[in-house]
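Chemist: Here is my input; please provide its structure:
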Amino acid sequence: MPPTGEQFEIVSGDTRAVVTEVGAGLRSLTRAGRHYVETYDEDARPPRGAGAVLVPWPNRTAHGRWTWNGGPQQLPLTEAEAGNAIHGLLRHVLYTAGERSADAVTLHAVVPVQPGWPVPLDTSVRFAVSDEDGLTVTHTVRNVGTHAVPFGVGAHPYLRVGDVPTDDCTLTLAATSSLPLELGLPTGPAVPVAGELDLRGGRELAGMELDHAFGGAVPTDGDTLVRHRLEADGAGVELWADPEFGWVQVFTPDDHPGRGRAVAVEPMTCPPDALNSGTGLLTVGPGEEWSGRWGLRPF
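Modeler: Numbering: from 1, shown residues only. Sure thing, here's the model as predicted:
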């Protein structure tokens with residue numbers, strides 16, 4: 001068994017994606033053989049969370065502690081060195097394949113009651129490709145418990161424009177604020193973007209070191225979707241999302257296997273430590289369901 005389990009390939013024309021059984025991760029997205037997300041070998045684990053689904057919260061929860069219905073909760077410290085809980089509870093879970101076709105697959109996993117998480121959630125992720133529209137990812141979360149619970153959803157794709165070096169690409173974000181962070185955790189409220197953190201007009205990534213949470217990502221000019229872009233020489237990939245994905249984490253490590261510098265553009269419904277701040281949290285009551293979409297469109 002490969003480290004990420006079965007590999008689900010979906011194809012439409014020249015557009016192809018590979019999704020993994022473990023964690024429902026996006027391992028590859030190509031059009032006509034050109035890569036639009038950073039990939040990794042089938043016999044490897046995803047480096048730095050590449051392509052991961054982040055449920056029932058994205059990013060970090062400080063010291064893994066939060067409060068639900070007046071009672072303390074203690075999550076496993078999955079970012080052990082820093083002593084935090086990071087990126088939810090499903091990254092290393094075997095998903096079950098549901099509906100499948102040549103161009104789409106739906107994967108299912110349950111977040112059971114466990115230390116630090118008090119209410120069971122039935123989740124699914126549908127990946128669909130279209131040669132015209134690229135990749136569409138639809139997350140669904142259903143409360144199968146007896147009490148309401150807050151949660152968040154995110155994803156962790158590393159974007160790329162074929163073989164163009166990351167430093168030669170321009171990143172544009174539809175974000176109007178940034179959240180001050182120290183060691184990945186908020187130190188104060190979000191502030192308006194300014195200087196090099198104002199990416200609304202696009203900035204070349206050369207010389208930029210980013211591990212920042214951006215907020216206020218909203219549709220503009222009568223649009224109905226949030227849109228971020230990575231491009232070079234007029235070509236690239238657009239990450240679009242429903243308005244509930246009002247946050248985006250941008251991370252630029254310099255040691256991605258086989259590529260060096262890389263850029264993660266992570267759509268999120270809430271910022272780091274939202275289980276404590278309450279900022280951007282969604283809530284589902286017993287029997288209720290939430291669904292939201294994001295996608296990647298090569299251009």
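Chemist: Do me a favour and get the end-to-end distance for stretch 163-174?
Modeler: With Cα to Cα, to the nearest Å as the measure, stretch 163-174 spans 25 Å from end to end.
Chemist: Same check on stretch 253-261?
Modeler: End-to-end distance (Cα to Cα), stretch 253-261: 6 Å.
Chemist: What segments of this protein are helices?
Modeler: 274-277 (DSSP state H).
Chemist: Low-confidence bits of it, can you list those?
Modeler: Low-confidence segments of the chain (pLDDT under 70): none present.
Chemist: which residue is nearest the middle of it?
Modeler: The centroid of the chain falls nearest to residue 155 when counting by Cα atoms, centre = their mean (1.3 Å).
Chemist: what number of residues lie near the spatially closest residue to residue 2 that is not a sequence neighbour?
Modeler: Once flanking residues are discounted, residue 2 sits nearest to residue 42: 5.2 Å by Cβ to Cβ, 6 or more residues apart in numbering. Where C-beta positions appear, they are placed from N, C-alpha and C, glycine not excepted. Number of residues near residue 42 (other Cβ atoms under 10 Å) recorded here: 13.
Chemist: again, but for residue 291
Modeler: That count, for residue 291 with other Cβ under 10 Å as the rule, works out to 14.
Chemist: contacting residues around it?
Modeler: With contact taken as Cβ atoms under 8 Å, 6 or more residues apart in numbering, residue 291 is in contact with 138, 139, 140, 141.
Chemist: The last one: how many residues sit nearby?
Modeler: Residues near residue 141, counting by other Cβ under 10 Å, number 22.
Chemist: Next: the second one.
Modeler: Using other Cβ under 10 Å, residue 139 has 23 other residues around it.
Chemist: Then residue 281?
Modeler: Count around residue 281 with other Cβ under 10 Å applied: 17.
Chemist: ok, for it, nearest residue in space, not its chain neighbours?
Modeler: residue 150 (4.1 Å).
Chemist: Would you mind measuring from that neighbour to residue 22?
Modeler: Taking Cβ to Cβ, to the nearest Å as the measure, residue 150 falls 26 Å from residue 22.
Chemist: again with residue 64
Modeler: Distance from residue 64 to residue 22, by Cβ to Cβ: 22 Å.
Chemist: what's the answer for residue 163, then?
Modeler: 27 Å.
Chemist: before we move on, what about residue 77?
Modeler: 21 Å.
Chemist: So for the two, which residue has more residues nearby?
Modeler: Using other Cβ under 10 Å as the criterion, residue 77 and residue 22 rank with residue 22 on top: 20 against 17.
Chemist: my read: the more buried one touches residue 7, true?
Modeler: No. Residue 22 is beyond contact range of residue 7, at 10.1 Å (criterion: Cβ atoms under 8 Å).
Chemist: can you put the contacts of residue 291 in TSV and add distance to residue 16?
Modeler: Below are the contacts of residue 291 laid out as TSV (distance: Cβ to Cβ, whole Å):
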residue	distance to residue 16
138	19
139	21
140	24
141	28
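Chemist: Out of these, which sit inside strands?
Modeler: 138, 139, 140, 141 (DSSP state E).
Chemist: The last one touches residue 123, doesn't it?
Modeler: Yes. Using Cβ under 8 Å, residue 141 is in contact with residue 123, at 5.2 Å.
Chemist: Find the residues that touch each one of the two.
Modeler: Applying Cβ under 8 Å, 6+ apart, one finds that residue 141 and residue 123 are jointly contacted by 55, 56.
Chemist: so who does residue 13 touch?
Modeler: By Cβ under 8 Å, 6+ apart, the neighbours of residue 13 are residue 131.
Chemist: What are the phi and psi values at it?
Modeler: Phi and psi for residue 13, reported as degrees, to the nearest 10, are phi 60, psi -120.
Chemist: Next one: it from residue 233, what distance?
Modeler: Relative to residue 233, and taking Cβ to Cβ, residue 13 is found at 23 Å.
Chemist: Same check on residue 290?
Modeler: 39 Å.
Chemist: neighbour-wise, which of those two wins?
Modeler: Comparing residue 290 with residue 233 by other Cβ under 10 Å, the one with more neighbours is residue 290, at 18 against 10.
Chemist: Quick check: bridge partners of that one?
Modeler: With DSSP bridges as the criterion, residue 290 is bridged to residue 141.
Chemist: Now for the closest residue to residue 168 other than its chain neighbours: which residues touch it?
Modeler: Nearest non-adjacent residue to residue 168, counting by Cβ to Cβ, 6+ apart: residue 232, 5.6 Å away. By Cβ under 8 Å, 6+ apart, the residues touching residue 232 are 161, 164, 168, 169, 170.
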